[in-house]
Each structure stands twice: as structure tokens, then as C-alpha cells.
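Asker: structure here, sequence nowhere to be found:
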């Protein structure tokens, strides 16, 4: 009997999939009907991902789909006025804030499950896909038939997200992608929790994560490589860093003797650190560009503003693990 399993379950009248590693007692729950959201992860006896109070809330309450779990973002964060220009073509995204577009639409629309399975060699895995060609209303303002294919894989107690994004159109498409996992942090001993990030520079940003200047090495970038107390990150605040990607991001809980590691590959040069006001959590948000990069006056090598050519595929991988502190 394999140590791994994938269970299709009905919870609150919604279909979810649970990936299980029975040897390490690790479980991951994903809901395809709401953005293929990883909304629960348990590892080392701890809840790792911030779950919504209910799946009904996640599905129906405005903005809940990007306040819990692991939202998938295209484009990530805000686009001022919902508008930008790329390669001489103007785009007007729908406004879901009074004056901005926030986080795209694939984080709450339904994804199609393509494959699932569990073997000792591959672990427990679940693959789903989202195609813009199935959504005429999206193509009206973003006329590029993008295809997103993501796989969550639980193997040896670690949860990996493998992804590919294809431009199946005939024109280059503006490209901006990100993830927004919310990691649970201790409520009763936050003074014993610290954050470690392989940051090389810090971008100055507003509380809405809009960039206000060029990046530089700061006191925080130097300190955060070694570890900064969680208490230094007030709720409701955010920071934007350029990453080195040679080490994982860490949440170190010295009281529990546990370290959560979040590793992202070099597909993501940028990371936002965000503390929500609605829960005891912190979010490490890997992005391919800085917020609203297409509207910034600087070179793309700095901001990450780029396109995906016709027929081109973008691939990435992230990994979450909870381990005992050594």
C-alpha cells in the first residue's frame, strides 16, 4: 500500500481534493472551483496555510478569494486605474477596487482538474488547468489565449507547486504572474518568531504596494538575511524585495522549535512580504515583476516588465516544508 493518497471529498457542498502523505502525517487541501486554491496545509502537527472560516465564505464573500489559502495571481497586486500599455497596445482591466485592478481573475474562477494520482515514486499529485479561451469576457480586455497548468505534489513531507503558463496566441502578451500564500504564525508568542529572506535590495513602496522609487540596499535587507523578529512587521504593512533565490524564505518559531521553509526558483525575482489585518499570518508573495511595472518609467531589467511570446511557455516551481530546527 502506498504511503500517499489523493481523496476527492465533498465539503460544505464543494468538491475538494486532499493530498496525503501518511508517513509524515502531512495533508494538503485544494479547491479547484475557487482558483485552484490550496486552502489548507497541515505539516508537523501544525496548520501551515491560513484557511478560510468556511468554503462558502471563500467562494461568495467579496475579496475572500485572495485573503486566504494560496491565491494564484495574474496579474499580481494592483494596476493603477486598471490600465497600462505594452508594445503600443493599451489594456483596460476591470476595476475591482475603486480606482485599481487587484490580483486578476483566475484566483476565484473555476479550474478544470486534468489529472491526479498517488505513487511512491511521484507522491500524491493533483493537476488543474485554466484556459482564457473558455472565458470570452476575459479575452475582451486581454485578447491572448493564455493557458495555466498547475500541479500540487506532496512527496516526502514537502509540498511542491509545479507550473507552466503558455501563450497559445499569435501575438506577444504582457506577462505578470505571482502567488500569495498566507502562512499561519503564532498568536501567543510572536516575540519568538522571526523571518528570514534572501533579499538583495528593497524597493520603496506605499501601503498599497505601489513603487515610489528605485531599489537599494537598506538596513532591513541586510538584517532580514539573518533574521528579523516578526514583531517588526506590523499588521497591514507590506515590503517589496529583490531576491537572490539561493536560499529559501523562512519562518522560524523558536518556541516550537520549527522552521517553515518556502523555496521559490529564479522565475520569481521579486517578493512582497505582507501582514494581513484580518488574521495572524504573514504572506510571502513571489512575483515576476514589481507592482504595476508596466506603468513605471524604468527599464524592464529592473522592474520585471516583460512579455510572453507567441508559443512561449513560462515554467516555475515552489516548495513548502516544515522541519524541526537543527
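Answerer: Yes, it's here. Here the structure is a predicted model, which is why all the values come from computation and not from measurement.

Asker: low-confidence ranges, the stretch 51-200 of the chain, go.
Answerer: Scanning the stretch 51-200 of the chain for pLDDT under 70 picks out no residues.

Asker: could you pull out the strands in it for me?
Answerer: 72-73, 78-80, 83-86, 89-92, 100-102, 112-119, 123-131, 146-155, 158-167, 173-175, 178-179, 182-184, 193-196, 199-203 (DSSP state E, counting those that start in this stretch).

Asker: report the contact partners of residue 317.
Answerer: Each residue near residue 317 by C-beta atoms under 8 Å, 6 or more residues apart in numbering is listed here: 160-163, 264-265, 267. In this view, the C-beta of every residue, glycine as well, is placed from N, C-alpha and C.

Asker: and residue 172, by the same measure?
Answerer: Per C-beta under 8 Å, 6+ apart, neighbours of residue 172: 87, 307-310.

Asker: in a markdown table, list these along with neighbour count and distance to residue 79.
Answerer: Below are those laid out as a markdown table (neighbours: other C-beta atoms under 10 Å; distance: C-beta to C-beta, whole Å):
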| residue | neighbour count | distance to residue 79 |
| --- | --- | --- |
| 87 | 9 | 16 |
| 307 | 18 | 16 |
| 308 | 21 | 17 |
| 309 | 13 | 22 |
| 310 | 13 | 23 |
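
Asker: top strand in this structure by residue count?
Answerer: strand 313-324 (DSSP state E).

Asker: would you turn the strands of the stretch 51-200 of the chain into a markdown table with distance to residue 273 and mean neighbour count?
Answerer: Formatted as a markdown table, the strands of the stretch 51-200 of the chain follow (distance: least, C-beta to C-beta, whole Å; neighbours: other C-beta atoms under 10 Å):
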| stretch | distance to residue 273 | mean neighbour count |
| --- | --- | --- |
| strand 72-73 | 15 | 24 |
| strand 78-80 | 16 | 20 |
| strand 83-86 | 25 | 16 |
| strand 89-92 | 28 | 13 |
| strand 100-102 | 18 | 21 |
| strand 112-119 | 32 | 15 |
| strand 123-131 | 27 | 22 |
| strand 146-155 | 23 | 22 |
| strand 158-167 | 19 | 19 |
| strand 173-175 | 23 | 22 |
| strand 178-179 | 13 | 24 |
| strand 182-184 | 11 | 22 |
| strand 193-196 | 7 | 20 |
| strand 199-203 | 9 | 20 |
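
Asker: TSV for those, including distance to residue 4?
Answerer: Formatted as TSV, the strands of the stretch 51-200 of the chain follow (distance: least, C-beta to C-beta, whole Å):
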stretch	distance to residue 4
strand 72-73	24
strand 78-80	39
strand 83-86	43
strand 89-92	42
strand 100-102	36
strand 112-119	4
strand 123-131	4
strand 146-155	7
strand 158-167	12
strand 173-175	34
strand 178-179	24
strand 182-184	24
strand 193-196	30
strand 199-203	35
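
Asker: residue 253: which of those is closest?
Answerer: strand 193-196 (5.2 Å; C-beta to C-beta).

Asker: same for the closest one, what does it pack against?
Answerer: Contacts defined by 3 or more C-beta pairs under 8 Å, 6 or more residues apart in numbering; DSSP states H and E place strand 193-196 against strand 228-229, strand 249-253.

Asker: helices or strands next to the last one in the packing?
Answerer: Using 3+ C-beta pairs under 8 Å, 6+ apart as the contact criterion, the secondary-structure elements in contact with strand 249-253 are strand 193-196, strand 258-264.

Asker: how much space separates the residue positioned nearest the centre of the chain from residue 8?
Answerer: With distances taken as C-alpha atoms, centre = their mean, the chain has residue 179 as the residue nearest its mean C-alpha position (1.7 Å). In this view, residue 179 and residue 8 are 24 Å apart by C-beta to C-beta, to the nearest Å.

Asker: residue 219 too?
Answerer: For residue 219, the distance to residue 8 - C-beta to C-beta - is 50 Å.

Asker: higher neighbour count, those two?
Answerer: Each of residue 219 and residue 8 has its neighbours counted (other C-beta atoms under 10 Å); residue 8 has more, 11 against 8.

Asker: per-residue pLDDT of the more buried one, please?
Answerer: Looking at residue 8, its pLDDT stands at 98.

Asker: that one sits in which helix or strand?
Answerer: Counting by DSSP states H and E, the element that carries residue 8 is strand 4-11.

Asker: what is whichever helix or strand comes after that strand packed up against?
Answerer: Next in sequence after strand 4-11, counting helices and strands by DSSP H and E, comes strand 14-21. On a contact count with 3+ C-beta pairs under 8 Å, 6+ apart, strand 14-21 meets strand 4-11, strand 26-31, helix 55-60, strand 112-119, strand 123-131, strand 146-155.
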